[in-house]
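Engineer: I'll drop the sequence and a predicted model, then ask my questions.
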Amino acid sequence: MPARRPRLAPARAHDELIESLAQLRVELELPAGFAEEVDAAARAAARSVPTDPVGAGLDDLRELEFLTIDPAGSTDLDQAMHLERTATGATLHYAIADVPAYVEPGGPVDDEARERGQTLYAADGRIPLHPVEISEDAASLLPDRDRRAYVWRFELDEGARPVSTTLRRAVIRSRRQWTYVDAQEAIDAGTAPVTLQALAWFGTQRLARESERGGASLNVPEARIVPDDDGDGYRLERDAPLPVEDWNAQVSLLTGMAAAELMLRGGVGVLRTMPAADADDITAFRAQTVALGLPWREDIAYGDYLRDLDRTDPAALAILDAATGLFRGAGYVAFDGTPPADPIQSAIGAPYAHTTAPLRRLVDRWSLVVCDAIANGHDVPPWARESLAALPKIMGRSDALANRLEAGTLDRVEAAQLSGREGHTFDAVVLGRRNGGARVQLVDPPVAAKVAGLDAPAGTTVRLRLRSADIATGEVVLEPTA
């Protein structure tokens, strides 16, 4: 390897990447902002929707010390929780932003949200589902402010199984906005508030329940795009989730399963489903684990096998990449009367509904109002019932766009990470074979790419030479070294 690494001048690389990301938005026809009519409606709702519990006819839960846990810098806070151990288990209050209060059915904000489907995330900024007056202020569960919320209350036994569940609209007040890093540090140091202390117990128990029902969590180290320390561009980080992230995710999973149960019992709603893996695919995957030296034994559940893999082992990375092929076919199913023939989300191992992110995902607003109606014995609002059937198509279109944006953004940032290093060699792990080549992940930087003509078994380490990295298109060309 040459002694020096010729790099593209940072300013040039930064400018090319910014231009490329902007062009990607144009190619995908992403909205640049909101029409004045939409912004005006959002401002009016933010001013007029009452947050006084008496005047609004809502439960007053401001005495509970709710908190939020989100990535650093988040301002669109959908969820807040209060969790406290009891003599028989725990009581969990999980508050979800009351977005329906701020979005008039059939109004400008609603119409625009149905066009967008979800908040879109890119390296150069997110494209919100709702105007910021709602998503980052009036409806966001920010600390030290009275906020409307749908509050799920779970009485849990010692295994964190729900013994009883209620859902009410209320006013809450979060005490603090925690980042995942700060929350994990406080838990580890023993200085965390009661909710975070109990979350470690809750998450461990719910992961055990996931194992019992045959669910599986991949927890693959994902590439995250973060700004450079000097603010001059972006870099990639690929880290396994912190334990608190998994525990926090289990709160949302519990709530989504409770929502699905309510909808199925009430005979109306919209579920997030995923078919079980095909038997032939499972057989092929099991054979691949044997070939990689980490056999999936017949007496070990699929989810348990994945959870126990060492994420630092190249063979394990190849197995996790192959496992994503079994987690496919996810979609939405709306029903009114006859429930779907197969209501299961197979990766979770139970019926499931998206209901905990209404600021960022359209379908969750319907889930909340439908569940509230069923749980409290009143009619589902006509606007929600009449538009249920349209949701799968809207969300499918939105998911496809989000996937294209994510892939295009990642490709361009990866190319920028490598641009200027043409001719240099890199260590890489082979994740699997792909159409006359192989899919690989470089060790440093953590770039994933397809290498044409590479004939190497999954799980092996190889040396690759960079031929080109085009920031404009995100195309990276690597070749095996002689």
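Structural biologist: Yep, it's here.

Engineer: tell me where the model's unsure across this protein.
Structural biologist: Low-confidence segments of the chain, defined by pLDDT under 70, are located at 1-13, 219-224, 228-233, 236, 238-239, 482.

Engineer: top helix in it by residue count?
Structural biologist: helix 391-418 (DSSP state H).

Engineer: may I see the buried residues of that one?
Structural biologist: Of the residues in helix 391-418, 391-392, 394-395, 398-399, 401-402, 405, 408-418 count as buried by neighbour count, 16 or more other C-beta atoms under 10 Å. Quick note: C-beta positions are derived from backbone N, CA and C, even for glycine.

Engineer: and if you look at stretch 372-386?
Structural biologist: Of the residues in stretch 372-386, 372, 373, 374, 375, 380, 381, 384, 385 count as buried by neighbour count, 16+ other C-beta under 10 Å.

Engineer: okay, the residues you listed in JSON lines with distance to residue 247 next?
Structural biologist: As requested, the buried residues of stretch 372-386 are exported to JSON lines (distance: C-beta to C-beta, whole Å):
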{"residue": "372", "distance to residue 247": "26"}
{"residue": "373", "distance to residue 247": "30"}
{"residue": "374", "distance to residue 247": "28"}
{"residue": "375", "distance to residue 247": "25"}
{"residue": "380", "distance to residue 247": "33"}
{"residue": "381", "distance to residue 247": "34"}
{"residue": "384", "distance to residue 247": "32"}
{"residue": "385", "distance to residue 247": "35"}
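
Engineer: what's the longest strand in this structure?
Structural biologist: Scanning the chain for the strand with the most residues, using DSSP state E, yields strand 162-179.

Engineer: pull the CA atoms of that one into PDB?
Structural biologist: Backbone C-alpha positions of strand 162-179 (Å, rounded to 0.1, in the frame of the first residue of the first chain) are rendered in PDB as follows:
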ATOM      1  CA  PRO A 162     -49.600  -7.600  30.300                       C
ATOM      2  CA  VAL A 163     -52.200  -8.500  32.800                       C
ATOM      3  CA  SER A 164     -54.500  -5.600  32.000                       C
ATOM      4  CA  THR A 165     -54.400  -2.900  29.400                       C
ATOM      5  CA  THR A 166     -56.200   0.500  29.000                       C
ATOM      6  CA  LEU A 167     -55.900   3.300  26.600                       C
ATOM      7  CA  ARG A 168     -57.000   6.900  27.400                       C
ATOM      8  CA  ARG A 169     -56.400  10.400  26.100                       C
ATOM      9  CA  ALA A 170     -54.600  12.600  28.600                       C
ATOM     10  CA  VAL A 171     -52.300  15.500  29.300                       C
ATOM     11  CA  ILE A 172     -48.800  14.600  30.300                       C
ATOM     12  CA  ARG A 173     -45.600  16.500  31.100                       C
ATOM     13  CA  SER A 174     -42.200  14.900  30.300                       C
ATOM     14  CA  ARG A 175     -39.500  15.600  32.800                       C
ATOM     15  CA  ARG A 176     -36.400  15.000  30.600                       C
ATOM     16  CA  GLN A 177     -35.400  14.200  27.000                       C
ATOM     17  CA  TRP A 178     -32.700  11.400  27.200                       C
ATOM     18  CA  THR A 179     -30.400  10.300  24.500                       C
END
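
Engineer: now the helix or strand just after that strand against strand 162-179, angle please.
Structural biologist: With elements assigned by DSSP states H and E, the helix or strand that comes after strand 162-179 is helix 180-189. In this structure, helix 180-189 runs at an angle of 110 degrees to strand 162-179, with axes from the mean of the first three to the mean of the last three C-alpha atoms, to 10 degrees as the basis.

Engineer: which other helices and strands does helix 180-189 contact?
Structural biologist: The helices and strands touching helix 180-189, judged by 3 or more C-beta pairs under 8 Å, 6 or more residues apart in numbering; DSSP states H and E, are strand 66-70, helix 194-212, helix 243-266.

Engineer: pull out the buried residues from that helix.
Structural biologist: Buried residues in helix 180-189, counted by 16+ other C-beta under 10 Å: 180, 182, 183, 184, 186, 187.

Engineer: contacts only, for the third one.
Structural biologist: Residues near residue 183 by C-beta atoms under 8 Å, 6 or more residues apart in numbering: 69, 192, 196, 244.

Engineer: and what of the fourth one?
Structural biologist: Under the criterion of C-beta under 8 Å, 6+ apart, the neighbours of residue 184 are 242, 243, 244.

Engineer: using TSV, lay out the helices and strands packed on helix 180-189 together with mean neighbour count and distance to residue 114.
Structural biologist: Shown next, in TSV, are those (neighbours: other C-beta atoms under 10 Å; distance: least, C-beta to C-beta, whole Å):
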stretch	mean neighbour count	distance to residue 114
strand 66-70	23	26
helix 194-212	19	33
helix 243-266	21	20
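
Engineer: make TSV out of those and add distance to residue 82.
Structural biologist: Output for the helices and strands packed on helix 180-189, formatted as TSV (distance: least, C-beta to C-beta, whole Å):
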stretch	distance to residue 82
strand 66-70	5
helix 194-212	6
helix 243-266	11
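
Engineer: residue 104: which of those is closest?
Structural biologist: helix 243-266 (23.3 Å; C-beta to C-beta).

Engineer: could you report the neighbour count for the spatially closest residue to residue 39 that is not a sequence neighbour?
Structural biologist: Spatial nearest neighbour of residue 39, chain neighbours left out: residue 131 (5.3 Å); criterion: C-beta to C-beta, 6 or more residues apart in numbering. The number of residues packed around residue 131, counting by other C-beta atoms under 10 Å, is 26.

Engineer: surely residue 131 and residue 36 touch.
Structural biologist: No - with contacts counted by C-beta atoms under 8 Å, residue 131 stays clear of residue 36, the gap being 10.6 Å.

Engineer: if we can go back for a sec, what's the longest strand of the chain packed up against?
Structural biologist: Under the contact definition 3+ C-beta pairs under 8 Å, 6+ apart, strand 162-179 sits against helix 53-56, strand 59-60, strand 66-70, strand 89-97, strand 146-156, helix 243-266, helix 363-376.

Engineer: for it, buried residues please.
Structural biologist: Residues of strand 162-179 classed as buried: 162, 165, 167-179 (neighbour count, 16+ other C-beta under 10 Å).

Engineer: give me the angle between it and strand 89-97.
Structural biologist: Going by the same axes, to 10 degrees, strand 162-179 is angled at 60 degrees with respect to strand 89-97.

Engineer: relative to helix 243-266, how tilted is strand 162-179?
Structural biologist: For strand 162-179 and helix 243-266, the angle between their directions (the same axes, to 10 degrees) works out to 140 degrees.

Engineer: what residues sit buried inside stretch 430-446?
Structural biologist: For stretch 430-446, by 16+ other C-beta under 10 Å, it's 430, 431, 432, 437, 438, 439, 440, 441, 442, 445, 446.

Engineer: and the second one, which of the three is it?
Structural biologist: When you say that, I think you mean residue 431. strand (DSSP: H, G, I helix; E, B strand; the rest coil).

Engineer: show me what contacts the residue nearest to it when sequence neighbours are not counted?
Structural biologist: Residue nearest to residue 431 in three dimensions, not counting chain neighbours: residue 321, with 4.0 Å by C-beta to C-beta, 6+ apart. For residue 321, the residues meeting the contact criterion (C-beta under 8 Å, 6+ apart) are 220, 431, 432, 439, 458.

Engineer: need the max-distance pair from those residues.
Structural biologist: Within the contacts of residue 321, 220 and 458 form the most distant pair, 14.7 Å apart (C-beta to C-beta).

Engineer: which other residues reach stretch 368-381?
Structural biologist: With contacts defined as C-beta under 8 Å, 6+ apart, stretch 368-381 is touched by 96, 98-100, 105, 150, 165-169, 259, 262-263, 265-266, 268-270, 353, 355, 358, 384-385, 388.
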